[in-house]
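Q: here's a sequence, model it:
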Amino acid sequence: MKSLDELTFDNRFARLGDAFSTHVLPEPIAEPRLVVASDAAMALLDLDPTEAHSPVFAELFSGHKLWAEAEPRAMVYSGHQFGSYNPRLGDGRGLLLGEVYNDAGEHWDLHLKGAGQTPYSRMGDGRAVLRSSIREFLASEALHALGIPSSRALCVIGSSTPVWRETQERAAMVLRLAPSHVRFGHFEYFYYTRQPEQQRELAEHVLNLHFAECREQPEPYLAMFRTIVERNAELIARWQAYGFCHGVMNTDNMSILGITFDFGPFAFLDDFDAGFICNHSDDQGRYSFSNQVPIAHWNLSALAQALTPFISVEALKETLGLFLPLYQAHYLDLMRRRLGLTEARDDDSALVERLLGLMNKGAVDYTLFFRKLGDQPAAQAVRVVRDDFVDLAGFDAWAVEYLARLDQEPGNAEGRRARMHAVNPLYILRNYLAQRAIEAAEGGDYEEVRRLHQVLTRPFEEQPGMQAYAERPPEWGKHLEISCSS
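A: Residues are numbered from 1 along each chain as shown. Below you'll find the model as predicted:
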């Protein structure tokens, strides 16, 4: 394992030059202190986890110090925000400090969010607050533990620096890791500003570093776009299967790698609600839970438009046509596994849809339903979860079909239980759990943030003494309003 001064930098994106990013130094926050760190994320950089407790750790990730080999840059991009094109966005409060490569040869962006003003801050202060930084940290690591592709979070550093949102809060910084922070909006920026040379340079950069296998195809750019479509189809299927709502699916928040990043007013479903809107600023419900699939397709179409200088419109349309079938195949496979089914049948989709309709009608807890369904032998489990539904006749009819379907499956009850518990989490990042941890942290107590983080790193395993983290939320915890403001 390495110490902080042994990291090796290879700043490939910075070398693209000033057309792609602007050199900016982070603005320090006062009295930096470690709030929480992820040992698993530190391991991606081969960092010794004890480094998190050294004074230099908080200094590096609060803007007070910088590696000599780092090249902090604010990236420029554009994007469609709530359907409207914004011609110039960029890192308004984040900086790409540099790229570190580990002993396995993997490159990881070190992206510091909340690092102060940049040329792209758009009248903002460039800061992130403690609550949003904690939420992003917890979400990044929780999604990864669930098997959902995500950027990672190495740490949150708190401070005494005041910032104003609706009220006075404290500034914080979160260090984010990803193989790349290039987004759909990067390609849109160079397309709509008519910079063909830079757009091709960006495309070559992304192709060579992140889609090298596509070089072997007759049309490398088309192969790259197809891979992006495939990855996003699987990503959105995982969001939907596990009840994750992103909240701000603008094209500048969509990763070219098909990973979840740029967390704002996200939420996991408590009671199942297909029309759930987690962003209280989303008045029209553009980014509601049920709209995430068509919006992902819309965003891919926006990326396709930006790629028309390299790929024919016909080929782009044909490739876009793969998204929905791929999504449906991934989603149905995940839902079969969540129900303990191992074999595909023609009526599986209808079985899932009827169940979700009944859950929606009865406001059934989405996570706990699947966990309880796998806790006991099937007939007994069905009787237990039945009490959560309001349409008992409808549920009974569904249960008869489900039990008959299970009777045709190979294996025994114990094997089914093990399979289901391996894919159905007991612990998820519910908004009220995050809120409790945030309130404690804002009072100077970081133990709850750290405890919640540890619980969420093993979401499928029952953890002694942690039953409180697996309960249904109180009524107040189901109706928390989360905004984009951080």
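
Q: make it CA atoms for all contacts and neighbour counts henceforth
A: Will do.

Q: need the contact list for Asn253.
A: 183-185, 261-262 (C-alpha atoms under 8 Å, 6 or more residues apart in numbering).

Q: can you give me the strands for this structure?
A: Using DSSP state E, the strands of the chain run over 21-23, 33-37, 73-75, 79-81, 84-86, 94-101, 107-113, 128-129, 152-164, 168-178, 244-245, 267-268.

Q: do you know which of the ones you listed lies nearest Arg215?
A: strand 107-113 (19.6 Å; C-alpha to C-alpha).

Q: distance from that closest one to the middle of the chain?
A: 15 Å (C-alpha atoms, centre = their mean, to the nearest Å).

Q: list the buried residues for it?
A: 107-113 (16 or more other C-alpha atoms under 10 Å).

Q: ok, stretch 177-192 next?
A: 177-191.

Q: hmm, which two among these are most spread apart?
A: For the buried residues of stretch 177-192, with distances taken as C-alpha to C-alpha, the pair at the greatest spread is Leu177 and Tyr191 (27.0 Å).

Q: tabulate the strands of the chain (TSV), appending mean pLDDT and distance to Leu429.
A: Below are the strands of the chain laid out as TSV (pLDDT from 0 to 100; distance: least, C-alpha to C-alpha, whole Å):
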stretch	mean pLDDT	distance to Leu429
strand 21-23	98	34
strand 33-37	98	16
strand 73-75	98	30
strand 79-81	95	26
strand 84-86	93	31
strand 94-101	97	24
strand 107-113	98	21
strand 128-129	96	19
strand 152-164	97	15
strand 168-178	97	18
strand 244-245	96	10
strand 267-268	96	7
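
Q: could these be laid out in a markdown table, adding distance to Glu314?
A: Below are the strands of the chain laid out as a markdown table (distance: least, C-alpha to C-alpha, whole Å):
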| stretch | distance to Glu314 |
| --- | --- |
| strand 21-23 | 33 |
| strand 33-37 | 47 |
| strand 73-75 | 31 |
| strand 79-81 | 23 |
| strand 84-86 | 24 |
| strand 94-101 | 36 |
| strand 107-113 | 35 |
| strand 128-129 | 43 |
| strand 152-164 | 36 |
| strand 168-178 | 32 |
| strand 244-245 | 32 |
| strand 267-268 | 37 |
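
Q: so which of those strands is nearest Pro309?
A: That would be strand 79-81 among those, by C-alpha to C-alpha, at 17.9 Å.

Q: residues making contact with the closest one?
A: 85-89, 184-186, 188-189, 249-252.

Q: in helices only, show me these.
A: 184-186, 188-189 (DSSP state H).

Q: which of those residues sits closest to Tyr327?
A: Once C-alpha to C-alpha is applied, the member of those that ends up nearest Tyr327 is Phe184, at 19.1 Å.

Q: average pLDDT for stretch 213-227?
A: The pLDDT scores in stretch 213-227 average 97.

Q: residue numbering should commence at 46 henceforth.
A: In the new count, where the first residue is 46, that last one comes out as stretch 258-272.

Q: low-confidence regions, the chain specifically.
A: For the chain, applying pLDDT under 70 flags the ranges 526, 528-531.

Q: tell me how it divides into domains.
A: As assigned by automatic domain parsing, the chain contains the domains 49-229, 235-377, 384-468.

Q: closest one to Gly488 among those domains?
A: domain 49-229 (10.8 Å).

Q: re earlier: which among the buried residues of stretch 222-237 gets closest to Ala184?
A: Leu222 (13.1 Å).

Q: kindly state the beta-bridge partners for that closest one.
A: On the basis of DSSP bridges, Leu222 is bridged to Leu155, Arg197.

Q: distance of it relative to Leu140?
A: Separation of Leu222 from Leu140 (C-alpha to C-alpha, to the nearest Å): 12 Å.

Q: what sits in contact with each of these two?
A: Shared contacts of Leu222 and Leu140, counting by C-alpha under 8 Å, 6+ apart, come down to His156.

Q: now the buried residues of strand 152-158 as a markdown table including distance to Thr206?
A: A markdown table is the format used below for the buried residues of strand 152-158 (distance: C-alpha to C-alpha, whole Å):
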| residue | distance to Thr206 |
| --- | --- |
| His152 | 32 |
| Trp153 | 29 |
| Asp154 | 26 |
| Leu155 | 23 |
| His156 | 20 |
| Leu157 | 17 |
| Lys158 | 15 |
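
Q: of those, closest to Glu459?
A: Distances from Glu459 to those, taken by C-alpha to C-alpha, are shortest for Trp153, at 40.8 Å.

Q: quick one, phi/psi of the residue nearest to that closest one when sequence neighbours are not counted?
A: Closest residue in space to Trp153, ignoring its immediate chain neighbours: Pro224 at 4.7 Å, by C-alpha to C-alpha, 6 or more residues apart in numbering. Listed backbone geometry of Pro224 is phi -60, psi -30, with angles given as degrees, to the nearest 10.

Q: Phe58 versus Pro224, what's the distance?
A: Distance from Pro224 to Phe58, by C-alpha to C-alpha: 11 Å.

Q: now swap in Asp316 and tell me
A: Taken as C-alpha to C-alpha, the span from Asp316 to Phe58 is 42 Å.

Q: then Leu155?
A: 12 Å.

Q: and if you look at Arg399?
A: In terms of C-alpha to C-alpha, Arg399 sits 48 Å off from Phe58.

Q: with Asp91 instead?
A: Taken as C-alpha to C-alpha, the span from Asp91 to Phe58 is 21 Å.

Q: looking at these two, which has the bigger crowd around it?
A: Phe58 (22 against 19; other C-alpha atoms under 10 Å).

Q: looking at the contacts of Asn298, which is nearest Ile193?
A: Phe306 (11.2 Å).

Q: how many neighbours does that closest one have?
A: 23.

Q: how about Gly488?
A: Count around Gly488 with other C-alpha under 10 Å applied: 9.

Q: then Gly320?
A: 13.

Q: Glu211 now?
A: 7.

Q: and what of Leu396?
A: Using other C-alpha under 10 Å, Leu396 has 16 neighbouring residues.

Q: ok, it touching Trp443?
A: Yes - here Leu396 reaches Trp443: they are 7.5 Å apart, a contact under C-alpha atoms under 8 Å.

Q: follow-up on the earlier one: roughly how far does the residue nearest to Trp153 sit from Arg276?
A: 15 Å.

Q: what's the answer for Tyr372, then?
A: Distance, Tyr372 to Arg276, using C-alpha to C-alpha: 9 Å.

Q: and stretch 480-500, what's buried?
A: For stretch 480-500, using 16+ other C-alpha under 10 Å, the buried residues are 480, 482-484, 486, 491, 493-495, 497-498, 500.

Q: among those residues, which are located in helices?
A: Going by DSSP H, the helices hold 480, 482-484, 486, 493-495, 497-498, 500 from these.

Q: so Phe415 touches Asn469, yeah?
A: Yes - with contact defined as C-alpha under 8 Å, Phe415 reaches Asn469; the gap is 6.2 Å.
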